[in-house]
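A.B. asks: below: sequence and its predicted model.
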Amino acid sequence: MSRYDAHRGYGSAPHDRPRLMNFMLPWAAGIVVTLVTQVALAVLVWDVITGDDVSRMASPVRTVLLLHLPSAACIALGVWAAAAVHQGASRESRVRHSLAAFAPAVVLQLVIFFSQGSDLTVLTFLVQLVVLVVGCAVGFLVDRLRNG
C-alpha cells in the first residue's frame, strides 16, 4: 500500500509527517502574528500618536515606552502564538519546542538587522537584541504558564 491510500485520509497523525513539517505551522503563525501586530503598532504610533510631529519621539523615555516595549510585546505575542500552535510529539522535546517558538522572531530580527545596513550601530543592535530577548522570554513564559 502506498502512503496515499484512502484509509489514511487527510487526518494522518503528526508523527507520520516529516519532522520539518511539524515546524511549518508554528513558524507561519509566529511570523504572521508578529508582522500583523508590528504593523498595527506602527500605524498606532506613527499615525495616531506622533502624527507629523516627529519631535514627540525625541526623548529616550518616549522612545522606550512607545516603540521598544510595544515591540517586545509584539514579539512576545508572536512567540506565544508559535508555541501554542506547535503540537505533536516534538512539543515534548525542549529543543524542538524552543526551535518552533523562537525561530520566527529570530529570523524576523535578522531580516531587520540586515536591512539596516550601515545604519546599524552598536547601540541600536544592543537595544534591538534586548527587545528580542525580552519578547522571546515573555512569550515562552506565557506559553509555559498556559500549558503548565
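C.D. replies: That came through fine. Source: prediction; values computed, not measured. Numbering: from 1, shown residues only.
A.B. asks: I'd like the next helix or strand past the lowest-mean-pLDDT helix or strand in the chain.
C.D. replies: When the helices and strands of the chain are compared on mean pLDDT, DSSP states H and E, helix 60-63 comes out lowest with a mean of 78. Using DSSP states H and E, the helix or strand that follows helix 60-63 in sequence is helix 69-85.
A.B. asks: so which residues of the protein form helices?
C.D. replies: In the chain, the helices defined using DSSP state H lie at 21-42, 60-63, 69-85, 94-116, 122-147.
A.B. asks: centre of the chain versus the shortest one, how much separation?
C.D. replies: Pointing back at helix 60-63 there. Average the C-alpha atoms of helix 60-63, do the same for its chain, and the two points are 23 Å apart (C-alpha atoms, centre = their mean, to the nearest Å).
A.B. asks: with the third one instead?
C.D. replies: Between the centre of helix 69-85 and the centre of its chain there are 5 Å (C-alpha atoms, centre = their mean).
A.B. asks: list the helices and strands that helix packs on?
C.D. replies: helix 21-42, helix 94-116, helix 122-147 (3 or more C-beta pairs under 8 Å, 6 or more residues apart in numbering; DSSP states H and E). Where C-beta positions appear, they are placed from N, C-alpha and C, glycine not excepted.
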